[in-house]
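Trainee: Got a sequence here, can you build the structure:
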Amino acid sequence: MALAIFTLLLSTSLLQAQYGYGNRYGRPQSSVPRAQTPPEKQEPLTAEQIVEQEMPKITEALELSDFEQAVVSSILVKYVRERIQLQLLKLDPDKTRESYENMIERQNEELKAGLPEEKYKAFKELEASGFKAVKKKKKKKKKKKKSKE
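Mentor: You can find the predicted model right below:
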């Protein structure tokens, strides 16, 4: 009889240890609730950071020299900064559209003056495609078939 009680007590304590005191996953539950941390707000990127992210694509697609890269980068930073300032002003749509058009026109004039003609045209094509890097087509090598003689 004493052996049966001892076995019963031992088995119940093992079961409780195995299942974590009633938690179905086997881990004891904390009595203190965890506070959910709010997701961190990402700060908006600066004009320099935006241009810095796009420059590798532009440089690769247009094959810019270091000087041309510096010229394009400085022009883009200048006008991205102006666009950010314009967004912060929250003007009426007509004035905003007019300002954007004027800004784009001035940016194009500066880029045209700072880049060779073919690179300027390539930049405009890249800009029209949304700055998606243009993949260069690889030439396939044709295998020559050996003629049987």
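Trainee: For the longest helix seen in the chain, enumerate the helices and strands it packs against.
Mentor: Longest helix in the chain, counting residues (DSSP state H): helix 66-89. Judged by 3 or more CB pairs under 8 Å, 6 or more residues apart in numbering; DSSP states H and E, helix 66-89 is in contact with helix 47-62, helix 93-114. C-beta here means a position set from N, CA and C on the backbone, and glycine is covered the same way.
Trainee: got the angle between that helix and helix 93-114?
Mentor: Helix 66-89 runs at 170 degrees relative to helix 93-114, counting by axes from the mean of the first three to the mean of the last three CA atoms, to 10 degrees.
Trainee: Buried residues in helix 66-89, which are they?
Mentor: 68, 71, 72, 73, 75, 76, 77, 79, 80, 82, 83 (16 or more other CB atoms under 10 Å).
Trainee: Switch those residues over to a markdown table; also include pLDDT.
Mentor: Listed next are these as a markdown table, based on pLDDT from 0 to 100:
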| residue | pLDDT |
| --- | --- |
| 68 | 87 |
| 71 | 89 |
| 72 | 88 |
| 73 | 91 |
| 75 | 91 |
| 76 | 90 |
| 77 | 91 |
| 79 | 90 |
| 80 | 90 |
| 82 | 91 |
| 83 | 89 |
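Trainee: Which one, of the helices and strands packed on helix 66-89, ends up nearest to residue 120?
Mentor: helix 93-114 (5.2 Å; CB to CB).
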